[in-house]
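Chemist: build me a model:
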Amino acid sequence: MALTFDIATGTDDLEQILETLEKHQVKATFFLLGSWIRHWPEEVKRLYDAGHELANHGDHHVDYTELGLEECKQEILGAQEEIRQQTGFTTDLFRPPYGSYNNTVMQAAEQCGYETIQWSVDSLDWKEYGKEEMIERVLKHSQLQNGAILLFHNNTKYTAQALDAILTGLEEQGYHIGTVSDLILKEGGYIDSQGRQHPSS
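Modeler: Sure thing, here's the model as predicted:
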């Protein structure tokens, strides 16, 4: 399964998140907002140097379904340029803010050379229900299975506190946790109506 973080605000808990990932020897995928990169360029370099996967979350945190095709492309390419300037790395993974998409957003991403990535297990960490609730929600989620993509955010009240127990629980269930690129099939497969990937038979 793939562990993903949407990074759009602040850095208050980033140190603890990175320490926990290092403790478990896990590399995650961080979807970075362009405006966040401009505020914290050194943190972007730190994520990259630590071996985590950087991905595109758009330039600004707005609903892209309200934008036209060219505006969507500008948002995607804007974040792409920020990542490239700080690291020299060019990603091909995109997640729109709020996970909000329509045909125009998908078309814009494709024209920019991106795979659009959603998730199947939502921690709902941004709702700040509590540490124990988050741990239980993830570890007992109905879509927790091989091929799952887990969604977390930084700068929430409980994510950094809950992450160690969540990773321990996943490991105890026998899951290998990695990046989106470790997981997704870019060729030779299909996606069913539930968003699950299947290799071609």
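
Chemist: which helix in this protein has the most residues?
Modeler: helix 69-87 (DSSP state H).

Chemist: all strands of this structure, in order?
Modeler: Taking DSSP state E as the criterion, the chain carries its strands at 2-7, 29-32, 53-56, 93-94, 115-116, 121-122, 149-153, 189-191, 197-199.

Chemist: any idea which of the ones you listed has the lowest pLDDT on average?
Modeler: When the strands of the chain are compared on mean pLDDT, strand 189-191 scores lowest, with a mean of 66.

Chemist: sorry, back to before: list the contacts of the longest helix of the chain.
Modeler: Applying CB atoms under 8 Å, 6 or more residues apart in numbering, the contact partners of helix 69-87 are 32-34, 37-38, 41, 44-45, 48, 54, 56-60, 62, 64, 67, 89-91, 94, 104-105, 107-109, 111-112, 114. (C-beta placed from N, C-alpha, C; glycine too.)

Chemist: select only the buried ones of those in PyMOL?
Modeler: In PyMOL, this line selects whichever of the contacts of helix 69-87 come out buried by 16 or more other CB atoms under 10 Å:
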select buried, resi 32+33+34+37+44+48+54+56+57+58+59+60+64+67+91+94+104+105+108+109+112+114
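
Chemist: which residues does the nearest residue to Val105 once chain neighbours are set aside contact?
Modeler: Closest residue to Val105 in three dimensions, ignoring its sequence neighbours and counting by CB to CB, 6 or more residues apart in numbering: Tyr64, at 4.7 Å. Residues near Tyr64 by CB under 8 Å, 6+ apart: Gly58, Cys72, Glu75, Pro96, Pro97, Ser100, Tyr101, Thr104, Val105, Ala108.
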